[in-house]
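[1] with the sequence up front, the predicted model follows.
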Amino acid sequence: NAGVTQTPKFRVLKTGQSMTLLCAQDMNHEYMYWYRQDPGMGLRLIHYSVGEGTTAKGEVPDGYNVSRLKKQNFLLGLESAAPSQTSVYFCASSQRGTSGINEQFFGPGTRLTVL
Amino acid sequence: AQSVAQPEDQVNVAEGNPLTVKCTYSVSGNPYLFWYVQYPNRGLQFLLKYITGDNLVKGSYGFEAEFNKSQTSFHLKKPSALVSDSALYFCAVRDRGGGSYIPTFGRGTSLIVHP
């Protein structure tokens, strides 16, 4: 099993450009998440999904959109990139389980720089 | 509401000495607690979790954590540190009584083990 994979690993954008980050998991997990990690800020949740076709906002959703058309994939879109979106983006997934007791599995991250 | 604090940005320890990485939490009900480790340029990896039962939880790579309800703490420990334990450590909490299945992460503690 590949676990959680993220595409691309690195990307440099100019302000105003758009892009989509792809997350894929092969563990048949119901829940998927997108986080951003910035120095001194820890992990902040952008959006999450509790199942195919459903998405919800996290702590810092502004400037991002997501889609979960297939259970195994969770896409994060930046419609008009801004320098404040320079960050490392992590995708994660977890089983549904009982009341959130299951740990998350993380992808290797995407390092995004917006100039 | 749920929150978690990691009061130390950095912990330094000599190889072979015991290590402790601190975590305190706040929940309205009872907590589910998690520790993750992040090696440089990698995603987070699950170490251990407390759900219920024995207050001392054993996890991967010789790590353990002690749940202390009266002090609302879940400190990560290892009897003998290795240089290879040097990494960023994250504590996370989920309130059992909360409406969301989403955990809250601390800001992380950088552990540096000196040879």
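    Alright, I've got the coordinates.

[2] just give the number of residues close to B:Glu8.
    Burial measure for B:Glu8: 15 neighbouring residues, criterion other CB atoms under 10 Å in any protein chain shown. Heads up, the C-betas are built off the backbone N, CA and C, glycines and all.

[3] now it: closest residue in space, sequence neighbours ignored.
    B:Thr109 (5.3 Å; CB to CB, 6 or more residues apart in numbering or on different chains).

[4] and what of A:Leu22?
    Nearest to A:Leu22 is A:Thr7, by CB to CB, 6+ apart, at 4.5 Å.

[5] got it, and B:Pro40?
    Closest residue to B:Pro40 apart from its sequence neighbours, by CB to CB, 6+ apart: B:Ala87 at 7.6 Å.

[6] could you identify the helix or strand that succeeds the helix or strand harbouring A:Cys91?
    Using DSSP states H and E, A:Cys91 sits within strand A:87-94. Counting by DSSP H and E, the next helix or strand C-terminal to strand A:87-94 is strand A:105-106.

[7] which other residues reach that following strand?
    A:3-4, A:25, A:27, A:29, A:90-94, B:36, B:43-46 (CB atoms under 8 Å, 6 or more residues apart in numbering or on different chains).

[8] filter these down to the buried ones.
    Burial by neighbour count, judged by 16 or more other CB atoms under 10 Å in any protein chain shown, picks out A:4, A:25, A:29, A:90-94, B:36, B:43-46 from the contacts of strand A:105-106.

[9] switch those residues over to JSON lines; also include pLDDT and distance to A:Gly107.
    Below are the buried ones among the contacts of strand A:105-106 laid out as JSON lines (pLDDT from 0 to 100; distance: CB to CB, whole Å):
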{"residue": "A:Val4", "pLDDT": "96", "distance to A:Gly107": "4"}
{"residue": "A:Gln25", "pLDDT": "97", "distance to A:Gly107": "8"}
{"residue": "A:His29", "pLDDT": "93", "distance to A:Gly107": "12"}
{"residue": "A:Phe90", "pLDDT": "97", "distance to A:Gly107": "6"}
{"residue": "A:Cys91", "pLDDT": "97", "distance to A:Gly107": "4"}
{"residue": "A:Ala92", "pLDDT": "96", "distance to A:Gly107": "7"}
{"residue": "A:Ser93", "pLDDT": "95", "distance to A:Gly107": "8"}
{"residue": "A:Ser94", "pLDDT": "92", "distance to A:Gly107": "13"}
{"residue": "B:Tyr36", "pLDDT": "97", "distance to A:Gly107": "13"}
{"residue": "B:Gly43", "pLDDT": "92", "distance to A:Gly107": "5"}
{"residue": "B:Leu44", "pLDDT": "95", "distance to A:Gly107": "10"}
{"residue": "B:Gln45", "pLDDT": "96", "distance to A:Gly107": "11"}
{"residue": "B:Phe46", "pLDDT": "95", "distance to A:Gly107": "13"}
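
[10] look up how far B:Tyr25 lies from A:Gln37.
    Going from A:Gln37 to B:Tyr25 by CB to CB, to the nearest Å gives 20 Å.
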